[in-house]
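S.K.: Generate coordinates for the sequence data below:
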Amino acid sequence: MWLVWGPGLPAAGHCFARRARVLCRWYSQAAQRDTIFALSSGRGKCGVAVIRTSGPSSGLALLQLTGTNKLPLSRSAALRRIYDPESSEMLDRGLVLWFPGPGSFTGEDVAEFHIHGGPAVVSGILTALGSLPHLRLAEPGEFTKRAFQNGKLDLTEAEGLGDLIHAETEGQRRQALRQMDGDLGRLYRHWSDALTKALTHIEAYIDFSEDDNIEEGVLSQVEATVEVLEKELRVHLQDGRRGERLRDGVHVVIAGPTNAGKSSLLNHLCQKPAAIVSPMAGTTRDVVEAALNIGGFPVVLSDTAGLRDTDDAIEKEGMSRARERVRGADLLLAVLDAAEMAQQPGRLVSTLQGILPPAQQDGAQPTLLVLNKSDLLGGQNRAALLGACGQLGLPPACLLSCKTGEGLPSFLDTFKEQLSHMCGDPLLGSPSPTQARHRLYLTKCLEALGCFGQHRHLDLALAAEDLRQARRLLGQLTGQVGVEEILTLIFRDFCIGK
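M.R.: A predicted model of the protein is given here:
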């Protein structure tokens, strides 16, 4: 094998021999597993870019690109010239860092190049790394995947890291940090340990009860443990999907009759003309969607077609889509014309029922009543309208004018309070499940514990299998057991270089 020397090195003598020994050692180690590399910072022109490698050839790559025979001190930045190992051309001058495994993010040898962020510099160094043997470009999420495979992160912590990378609001950042710090994983491991202990006791009872070597009350302890775990799981699952809403966004739908000011409200919340506004009824035909940050909470806001009787086929399709969005909404902003409602307050109930699906007219649908066009009302009419809303037991009502902006700050405060109630504070209390995957496995675990309750007095072997299945499901949450089939799904949403 030919070794490519960097510039500035003697071609003979003890330095030559020493460097040959170093490189040969790195080549020998590198044959065990591919070393990956990627741009870890954002793409585009920037002051500083970070290129990272991970794997047994990381040290070799660092030596080859810096043209030296000695690695820098671990976890210490060193200023080095960086060369193309084939042409010996200088590519840049920057900081390099060395993180020997297992004390690195991935648990493997890791090298970092902190270079100038110009596209030509980044491209040149990536090309230089790709020319070295045993190095290849990383796949999306492969650095984090290797950290998981090497025991540096469990699956929930890896998911938390991915959520932190994609966090756009304060609430998402706080929840992701807590999950990345291991709070959710520790809770699931605690439950898994409790199941392991219960399973050990019940299997010992099955194997040794005839020898009178088992203490009395062992089965009672197992039943008590399972009962406590069932209660904790139910409480954990009955959180109103707070964690998932905070991660994916609260789905808020603006709905109501035509010309009530729905699109005007959307534009105010977006602070830009996201939807066309016109005095003509039925202007909005399709769903207009926008992602917003309201008080630190992520919101997916949908403006929908106005609801009315019509023979227009296109408008009917728009209303059908509007009703479908209302059915799936986490929160409904029901926008009504305050001037019309003030003339006939008794229509408030029937108009609101015309917006809500029949199954959600019992108050189960979280709703804010938005009474727009308050600028057309006098003081007495405003008080009377709000009083009627209270007397009729309607959802919280906000009186505002999208035309003048009057009442919008008060509406925003009420909106934020509702979002805070739905999402909660991610730093308080027990951590919540944040993904559908968590809820699926936890629900199945609860079902397995329910089967244990049915089998414990009939067949202890079946009851033990129920506990084994429940523990296996909890293990899949953290990656302790059989998760190969879901690894790709979890890590595919990571950026390359993470």
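S.K.: helices and strands around whichever strand or helix holds E232, which ones?
M.R.: Assessed by DSSP states H and E, E232 sits inside helix 218-237. Packing partners of helix 218-237 (3 or more Cβ pairs under 8 Å, 6 or more residues apart in numbering; DSSP states H and E): helix 183-208, helix 436-455. From N, CA and C alone the C-beta is placed, and that goes for glycine too.
S.K.: and D92, which of those helices is closest to it?
M.R.: Closest to D92 of those is helix 183-208 (Cβ to Cβ; 39.5 Å).
S.K.: how about that closest one: buried residues?
M.R.: In terms of neighbour count (16 or more other Cβ atoms under 10 Å), helix 183-208 has its buried residues at 183-185, 187-189, 191-192, 194-196, 198-199, 201-202, 205.
S.K.: Over to stretch 425-442?
M.R.: 426, 431-435, 437-439, 441-442.
S.K.: Among the residues you listed, which pair sits farthest apart?
M.R.: P426 and Y441 (20.6 Å).
S.K.: What are the contacting residues of the helix holding E232?
M.R.: 187, 191, 194-195, 197-198, 201-202, 204-205, 430, 432-433, 439, 442-443, 445-446, 449-450, 452-453, 456, 467 (Cβ atoms under 8 Å, 6 or more residues apart in numbering).
S.K.: what number of residues lie near the closest residue to R308 other than its chain neighbours?
M.R.: Excluding the flanking residues, the one nearest R308 by Cβ to Cβ, 6 or more residues apart in numbering is T258, at 5.0 Å. Using other Cβ atoms under 10 Å, T258 has 18 neighbouring residues.
S.K.: Show me the beta-bridge partners of the residue lying closest to G390 once chain neighbours are set aside.
M.R.: Among residues not flanking G390 along the chain, A397 sits closest, at 7.9 Å (Cβ to Cβ, 6+ apart). Beta-bridge pairing of A397 under DSSP bridges involves L369.
S.K.: How about H114?
M.R.: The partner residues for H114, given DSSP bridges, come to V50, L95.
S.K.: now swap in L292 and tell me
M.R.: V299.
S.K.: Report pLDDT for it.
M.R.: pLDDT recorded at L292 is 95.
S.K.: Kindly report the same for G44.
M.R.: G44 is given a pLDDT of 83.
S.K.: so what's it up against?
M.R.: Contacts of G44 (Cβ under 8 Å, 6+ apart): 117, 119.
S.K.: Now do it against G118, distance only.
M.R.: 10 Å (Cβ to Cβ, to the nearest Å).
S.K.: now V110
M.R.: The value you get for V110 to G118, if Cβ to Cβ is used, is 24 Å.
S.K.: more crowded one of those two?
M.R.: V110 (24 against 14).
S.K.: The residue most central in space within the chain is in what secondary structure piece?
M.R.: Centroid check for the chain by Cα atoms, centre = their mean gives D163 as the closest residue, at 3.5 Å. Secondary structure from DSSP H and E places D163 in helix 155-166.
S.K.: so what does that helix touch, helix or strand wise?
M.R.: Going by 3+ Cβ pairs under 8 Å, 6+ apart, helix 155-166 lies up against helix 142-149, helix 170-180, helix 183-208, helix 460-478, helix 484-491.
S.K.: which residues touch the closest residue to G306 other than its chain neighbours?
M.R.: Among residues not flanking G306 along the chain, T258 sits closest, at 3.0 Å (Cβ to Cβ, 6+ apart). Applying Cβ under 8 Å, 6+ apart, we find T258 in contact with 281-282, 306-308.
S.K.: picking up where we left off before, taking their axis directions, the helix holding D163 and helix 183-208 sit at what angle?
M.R.: Per axes from the mean of the first three to the mean of the last three Cα atoms, to 10 degrees, the angle that helix 155-166 makes with helix 183-208 is 170 degrees.
S.K.: What residues sit buried inside helix 155-166?
M.R.: 155-164.
S.K.: Distance from the chain centre to it, please.
M.R.: Distance, stretch centre to chain centre, for helix 155-166: 6 Å (Cα atoms, centre = their mean, to the nearest Å).
S.K.: Quick check, pLDDT for M280.
M.R.: 76.
S.K.: Could you look up the SS state of the spatially closest residue to S264 that is not a sequence neighbour?
M.R.: Residue nearest to S264 in three dimensions, not counting chain neighbours: C402, with 3.7 Å by Cβ to Cβ, 6+ apart. Under the three-state scheme (DSSP: H, G, I helix; E, B strand; the rest coil), C402 adopts coil.
S.K.: how many other residues sit next to C402?
M.R.: Neighbours of C402 using other Cβ under 10 Å come to 25.
S.K.: Same question for C46.
M.R.: Quick note: C46 (other Cβ under 10 Å) scores 14 neighbours.
S.K.: gap between the residue lying closest to it once chain neighbours are set aside and G130?
M.R.: In space, and not counting its chain neighbours, C46 is closest to G117: 3.5 Å by Cβ to Cβ, 6+ apart. For G117, the distance to G130 equals 19 Å [Cβ to Cβ].
S.K.: Domain map for the chain?
M.R.: 32-157, 181-239+432-493, 244-423 (automatic domain parsing).
S.K.: Show the subsequent helix or strand relative to the helix or strand bottoming out on mean pLDDT in the chain.
M.R.: Using mean pLDDT, DSSP states H and E, the weakest-scoring helix or strand in the chain turns out to be helix 14-30, at a mean of 48. Using DSSP H and E, the helix or strand that follows helix 14-30 in sequence is strand 35-39.
S.K.: Ends of stretch 67-77, what's the gap?
M.R.: Start-to-end span of stretch 67-77 (Cα to Cα, to the nearest Å) is 16 Å.
S.K.: for it, what is the average pLDDT?
M.R.: Stretch 67-77 comes out at a mean pLDDT of 94.
S.K.: how far out from the middle of the chain is it?
M.R.: The answer for stretch 67-77 is 36 Å, by Cα atoms, centre = their mean.
S.K.: same check, this time on stretch 370-384
M.R.: For stretch 370-384, the distance to the chain centre is 42 Å (Cα atoms, centre = their mean).
S.K.: in the stretch 301-450 of the chain, what spans have low per-residue confidence?
M.R.: Applying pLDDT under 70 to the stretch 301-450 of the chain flags the ranges 359-363.
S.K.: now do 80
M.R.: 357-364, 379 (pLDDT under 80).
S.K.: in it, which spans are helices?
M.R.: 313-327, 338-343, 347-355, 379-391, 408-423, 436-455 (DSSP state H, counting those that start in this stretch).
S.K.: What lies in contact with the first one?
M.R.: Read that as helix 313-327. So helix 313-327 is in contact with 253, 255, 282, 284-287, 302, 304-308, 310, 332, 355-357, 360, 365, going by Cβ under 8 Å, 6+ apart.
S.K.: How about the longest one?
M.R.: Among residues not part of helix 436-455, those counted as contacts by Cβ under 8 Å, 6+ apart are 156, 184, 226, 229-230, 233-234, 236-237, 241, 243-244, 433, 462-463, 466-467, 469-470, 473-474, 476-477, 486.
S.K.: tally of neighbours for G479?
M.R.: Neighbour tally, G479, other Cβ under 10 Å: 23.
S.K.: Mind pulling up the pLDDT for the nearest residue to it once chain neighbours are set aside?
M.R.: Sequence neighbours aside, L155 is the residue nearest to G479 in space, at 3.7 Å (criterion: Cβ to Cβ, 6+ apart). Note on L155: pLDDT of 92.
S.K.: For E465, see how far away R471 is.
M.R.: If you go by Cβ to Cβ, the gap between R471 and E465 works out to 11 Å.
S.K.: Okay then, goodbye and thanks.
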